[in-house]
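# Need a 3D model of the sequence below.
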Amino acid sequence: YMSKGYSIQFVNAVNEADSDLLGVKLGLICVKNDIPVNDVAEYLSVTRMTVYNWFKGVTTIQDPHIKQVEKLVAKLKN
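Now for the predicted structure:
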């Protein structure tokens, strides 16, 4: 399975990351639904690199973004 906007290596990295982390949860939803990193970055007013790092669990989401991301995850799950 090859997502439109994501490389197979990136998809594997997200799938192997700790799915308890909020950023990884968001990443799994975005990969599954082909939601571009660029859209997420713009929506949350952060850089694409920040979103990539959240998705792979490299960095954890900090305030003020935690509440925003929790809302986004809840919205995208429905």
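
# Retrieve the pLDDT associated with the residue most central in space within the chain.
Nearest to the mean C-alpha position of the chain, by C-alpha atoms, centre = their mean, lies G27 at 2.7 Å. For G27, the pLDDT comes out at 96.

# How about it, nearest residue that isn't a chain neighbour?
F55 (2.9 Å; C-beta to C-beta, 6 or more residues apart in numbering). All C-beta atoms are positioned from the backbone trio N, CA, C, and that covers glycine.

# for A13, same thing?
Closest residue in space to A13, ignoring its immediate chain neighbours: K56 at 4.7 Å, by C-beta to C-beta, 6+ apart.

# Can you tell me how far the closest residue to L22 other than its chain neighbours is from D20?
Excluding its sequence neighbours, the residue lying closest to L22 (C-beta to C-beta, 6+ apart) is I61, at 5.2 Å. To D20, I61 is 13 Å away according to C-beta to C-beta, to the nearest Å.

# Compare these two and say which is more crowded by neighbours.
Neighbours were counted for I61 and for D20 using other C-beta atoms under 10 Å; I61 has more, 22 against 8.

# tell me which element that one falls in.
In the assignment (DSSP states H and E), I61 maps to no helix and no strand.

# next one: K25
helix 22-32.

# starting at the chain centroid, how far to that helix?
Taking C-alpha atoms, centre = their mean, to the nearest Å, one finds the center of helix 22-32 at 4 Å from the center of the full chain.

# Stretch 16-31 too?
Worked out by C-alpha atoms, centre = their mean, stretch 16-31 lies 6 Å from the chain centre.
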